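S.K.: Sequence first, then the predicted structure:
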Amino acid sequence: MGKVRPDIIKRTCRELIHRFPEVFTTDFETNKKLLPKYTSILSKKVRNRIAGYIVSLLNLKNKEISISD
């Protein structure tokens with residue numbers, strides 16, 4: 001079974017990746033520091049969950065690209 005994440009976190013991550021495709025990386029710490037510039041998230045827990053899910057989405061995207069090559 002996969003990890004359960006609320007829809008708000010998934011939706012926010014997808015929107016951030018869509019709006020700023022070149023900003024976020026597959027490094028959790030970097031994404032964690034970049035999030036306050038692009039969002040108004042006050043909660044540390046939510047910020048960390050969004051940063052982690054962005055990493056997961058980008059890893060999946062990179063994996064799909066490498067498979068198709």
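M.R.: Perfect, I can see it now.
S.K.: and V46, what element?
M.R.: Using DSSP states H and E, V46 sits within helix 44-68.
S.K.: what does that helix contact?
M.R.: Applying CB atoms under 8 Å, 6 or more residues apart in numbering, the external contacts of helix 44-68 come out as 5, 9-10, 12-14, 16-17, 24-28, 31-32, 35-36, 39, 41. From N, CA and C alone the C-beta is placed, and that goes for glycine too.
S.K.: Name the spans of the protein whose pLDDT lies under the cut-off.
M.R.: The model of the chain has pLDDT under 70 over residues 1-2, 69.
S.K.: Spatially central residue for it, please.
M.R.: I54 (1.3 Å; CA atoms, centre = their mean).
S.K.: Please tell me how far that residue sits from P36.
M.R.: Going from I54 to P36 by CB to CB, to the nearest Å gives 14 Å.
S.K.: count of residues packed around E64?
M.R.: 10 (other CB atoms under 10 Å).
S.K.: if I pick C13, what's in contact with it?
M.R.: 50, 53-54, 57.
S.K.: filter the contacts of helix 44-68 to the buried ones?
M.R.: 12-13, 16-17, 24, 31-32, 35, 41 (16 or more other CB atoms under 10 Å).
S.K.: okay if I get those as JSON lines plus secondary structure?
M.R.: What follows is the buried ones among the contacts of helix 44-68, written out as JSON lines (DSSP: H, G, I helix; E, B strand; the rest coil):
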{"residue": "T12", "secondary structure": "helix"}
{"residue": "C13", "secondary structure": "helix"}
{"residue": "L16", "secondary structure": "helix"}
{"residue": "I17", "secondary structure": "helix"}
{"residue": "F24", "secondary structure": "coil"}
{"residue": "N31", "secondary structure": "helix"}
{"residue": "K32", "secondary structure": "helix"}
{"residue": "L35", "secondary structure": "helix"}
{"residue": "I41", "secondary structure": "coil"}
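S.K.: Mind checking what secondary structure S40 has?
M.R.: Quick answer, by three-state DSSP: S40 is coil.
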